[in-house]
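Student: fold the following, please.
(chains A and B)
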Amino acid sequence: MITILSPGPMTTVQDEGRWGYQGFGMPPAGAMDRYAYRVANLLAGNRPGAAALEMTIGGATLRFDRPHVAAICGADMGARLNGKPVANWSSFSANSCDELRMNFAATGCRAYLAVQGGINVPAVLGSRSTCTRAGIGGHHGRQLRAGDSLPIGSEFDRDIRLQALCRSFIPEYRNPIEIRVLSGPQDDYFTPAGIETFYWKTFKISYDADRMGFRLDGPEIEHRGSPDIVSDALCTGSVQVPGHGRPIVLMADRQTAGGYPKIATVIGPDVSCLAQGRPGDRVRFVRCSEEEALGALRAERDRYGEIARWLKTFMLRMQITINGVKFETEIREG
Amino acid sequence: MAVRMLAAGEQGLVVEFGDSIDSALNDRVHAFCRRLHEAKLPGVIEIVPTYRSALVMFDPFVITRAELQSRADSMLEAAGAATGGKTPRLVRIPVCYGGEFGPDLEFVAGHNHLSPDDVIRIHSARPLKIYMLGFMPGFPYLGGMDGRIAAPRLRKPRIRIPAGSVGIAGTQTGFYPYESPGGWRLIGRTPIKPFNPASHDPFLYSAGDYLQFRPITNEEYERIRRDAEGGRYQPEVGEP
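Tutor: Residues are numbered from 1 along each chain as shown, chains lettered A, B, ... in the order given. This is a model prediction of the structure:
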């Protein structure tokens, strides 16, 4: 079990999301940055889909009530375990009563804490993700508060070792953020000038950016005629443009249908990059082809396999002292 | 209008039947969704029907867009004919009209030169089709309300509308499953909840089903509310 001592600005339990119920108006919810979330689970030795904590802008302070292995990935919130720094994108072990304290994010916006065994709150419609708008999932359907205790599951991969992720697997959170999109489904609602504005100008993430959607500030995207359509379905990454001409990118807790035309859709792997954007960060949209989008999705999926294999390779860590200077070396089986 | 197949990201296919709110068009959407659902194609993750289109989410490494489009295309033809599989249901929604539950009932009546009783009678007289669900879980977009009780939205939306509130906005009617801000004219409230996560059948109705409002007294409202809270409420479900 872990106990929240201070939740930080916005901490919720999330997993892969609640798919299959959008036709009933149920948002899928789930981790906003699926890459950081999945890698945290890999490092902690969790089964795919185990629930983790998502912390936004700033981290939580929490207590491990039993010895646990855990991992932190995503935004760097300067985690400390009983005052000792814990590396981001790495796993660590905590003893009973150890306190994990995190700060405001130095880079990125969302951090994931995976605890070995997963956060074992009851699944609702097949998912443990918190959907605050419906008041379901997670811990009583709401964001976490001081004093909340969360049960930890017991299913995990037992031959996992504590380690820090290889640097080549760690994404860099850049500003401006370049986001690849596929055009449509309603790009025909915009003038050529409007399309040009969308792809050639830079937008800025506004303070109105949360789990439902990111409202962007910037130049006005021109509609061909009426900015209204008869409502149709939205997906994660849909870029809708209301009458005022500023784009809104829809995220995990979005409504399931909407009445504004969608100029483009952010490709799945790049939704994770956007999820790490903070108010004030600049965003550029880059048009890509279906082949490129599929290539990016394939590369993302392959990467999880590579990380899983990498975590299982034989590793030797040595400390050597040369001329009084200490060196740490890591030798890994090829 | 010809059916269009549009991309919504690398994992989304939009099958667009038209661009208007139309009962026959919406029937085609639901018939298509039912067929696609029954086909249980590997790689299809979920199907989302709306007023005039269907979003199909898929895994492109299990079924390619081209394969999915060709399978979907073969289901369009049949979509215009009789619907197969699950038949639409009629769900009765008990509503306590007026009083504190329906602060705008008098306005809707006055606006249409009717008595409040006339508004209640007309509002509950016929089954209304659920074109789609959205905005919030279980929120029904209903078609077919009698134009004689239409009323404009509030100029200044209310900050907090209690869950279960039944309202009118223009020629639309519906109810709020959850507490929410909103500008609809409120004429009553239902004690039932359309979503019960603990149930094996968690949603009381689906898009394509019909709803009919049924006037109830304050006493009945209280009784149903208690039953619903205790998990004893039996939904009134029949055929349209």
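Student: helices or strands up against the helix or strand containing A:Phe327?
Tutor: Per DSSP states H and E, A:Phe327 falls inside strand A:325-332. The elements that strand A:325-332 packs onto, with contact taken as 3 or more Cβ pairs under 8 Å, 6 or more residues apart in numbering or on different chains; DSSP states H and E, are strand A:315-322. Backbone N, C-alpha and C define where each C-beta goes, glycine included.
Student: give me the mean pLDDT for the strand it packs on.
Tutor: Here strand A:315-322 scores 75 as its mean pLDDT.
Student: now swap in stretch A:236-250 and tell me
Tutor: 95.
Student: what does stretch B:233-240 give?
Tutor: pLDDT averaged over stretch B:233-240 gives 87.
Student: hmm, back to that, sheet partners, orientation included, of the strand holding A:Phe327?
Tutor: Using DSSP bridges, the strands paired with strand A:325-332 are strand A:315-322 (antiparallel).
Student: SS state for A:Val283?
Tutor: strand (DSSP: H, G, I helix; E, B strand; the rest coil).
Student: ok, now B:Met145?
Tutor: Assignment for B:Met145 (three-state DSSP): coil.
Student: how much space separates it from B:Pro88?
Tutor: Separation of B:Met145 from B:Pro88 (Cβ to Cβ, to the nearest Å): 18 Å.
Student: same check on A:Pro28?
Tutor: On the measure of Cβ to Cβ, A:Pro28 and B:Pro88 end up 26 Å apart.
Student: may I see the buried residues of the strand holding A:Phe327?
Tutor: Across strand A:325-332, burial judged by 16 or more other Cβ atoms under 10 Å in any protein chain shown covers no residue at all.
Student: OK, contacts around the most centrally placed residue in chain B?
Tutor: Centroid-nearest residue in chain B, with Cα atoms, centre = their mean: B:Pro140, separated by 2.5 Å. B:Pro140 makes contacts with B:130, B:132-133, B:174-175, B:194, B:205, B:211, as judged by Cβ atoms under 8 Å, 6 or more residues apart in numbering or on different chains.
Student: ok, so of those, who is nearest chain A?
Tutor: B:Leu133 (4.1 Å; Cβ to the nearest Cβ).
Student: can you get me a residue count around the closest one?
Tutor: 30 (other Cβ atoms under 10 Å in any protein chain shown).
Student: what does A:Trp89 give?
Tutor: For A:Trp89, using other Cβ under 10 Å, the count is 21.
Student: I'd guessed it sits against A:Ala44; true?
Tutor: No: with contacts counted by Cβ atoms under 8 Å, A:Trp89 stays clear of A:Ala44, the gap being 11.9 Å.
Student: what count of nearby residues applies to the closest residue to A:Ile136 other than its chain neighbours?
Tutor: Using Cβ to Cβ, 6 or more residues apart in numbering or on different chains and skipping residues adjacent in sequence, the residue nearest A:Ile136 is A:Val124, 4.7 Å away. Per other Cβ under 10 Å, the neighbour tally for A:Val124 reads 20.
Student: what does the one 5 residues further on give?
Tutor: Each residue near A:Ser129 was counted by other Cβ under 10 Å, and the total is 28.
Student: is it in contact with A:Met26, as I believe?
Tutor: No: the pair A:Ser129 / A:Met26 is not scored as a contact, 10.8 Å apart, by Cβ under 8 Å.
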